[in-house]
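Student: Fold the following, please.
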Amino acid sequence: MEVFNRQDKPSSGKRGRSARFVRGAFYYLSILLCILSIFHSSLLVTSQPLRADETEQVGRAIDLLEAKGFRSESFLLRRLTVFRNTDNWLNSLSSNENAFAATNFPFNVITLYPDFFSRAKDDTERAIILLHEAQHLYGADEHKAYDYTWRNREKLGWTILTHGTTESYISVETLTRETVPELFTCADKMWNDCTEISKPVTVANAR
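Tutor: A predicted model of the protein is given here:
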């Protein structure tokens, strides 16, 4: 009988320590989730939601992203993101002059500034801005976000031929050149843009 008791005690001790560890982990996890929830709520309370017409414009831009094959970004933007049209307290701590949007990672809150609705020419330009912000929702920094967006602009239908003269295109191109200069080092491509696809030139046969 004593042998069984001596063998049972270590086992019971291990189970007790495991149970205490699980309870402790659950306790601290609950506190963390509570803090994150309060923080997220504070971002919404200190900012304003989109108006109905603004929500409609955002919806069309997301629909365009989905139609062009950006399904994961469109799902993230449509289902898991809260859009606001004024800065929350966190955004107010930094300057966002002339910005189209700002993203609060990892809280999935995107603030859309007036330029997003007025300066962007159409749904395609608003879609390219949302494509950029979606990369921040994944945790990408500015370098990765500009790189991804610029490489995928043709897939979305936002090119120098369709939008090259708009204020938005000029602004984004300038910022992309400053943020990702390695994309513009190809002397054999138009404007030194390494992402430009060279189109074959067909020469008619002389008769």
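
Student: quick one: which helix or strand includes residue 131?
Tutor: Taking DSSP states H and E as the criterion, residue 131 maps to helix 123-137.

Student: Name the SS class of residue 88, please.
Tutor: For residue 88, the assignment made with DSSP: H, G, I helix; E, B strand; the rest coil gives coil.

Student: Burial check on it, number of neighbours?
Tutor: 20 (other CB atoms under 10 Å). No exception for glycine: its C-beta is placed from N, CA and C like everyone else's.

Student: For the residue nearest to residue 39 when sequence neighbours are not counted, grab the count of nearby residues.
Tutor: Excluding its sequence neighbours, the residue lying closest to residue 39 (CB to CB, 6 or more residues apart in numbering) is residue 107, at 7.0 Å. Counted with other CB under 10 Å, residues neighbouring residue 107 total 19.

Student: Also residue 195?
Tutor: Should you count by other CB under 10 Å, residue 195 turns out to have 16 residues around it.

Student: That one and residue 150 touch, don't they?
Tutor: Yes: counting by CB atoms under 8 Å, residue 195 touches residue 150, with 6.2 Å between them.

Student: shared neighbours of these two, anything?
Tutor: Residues touching both residue 195 and residue 150 (CB atoms under 8 Å, 6 or more residues apart in numbering) are residue 183.
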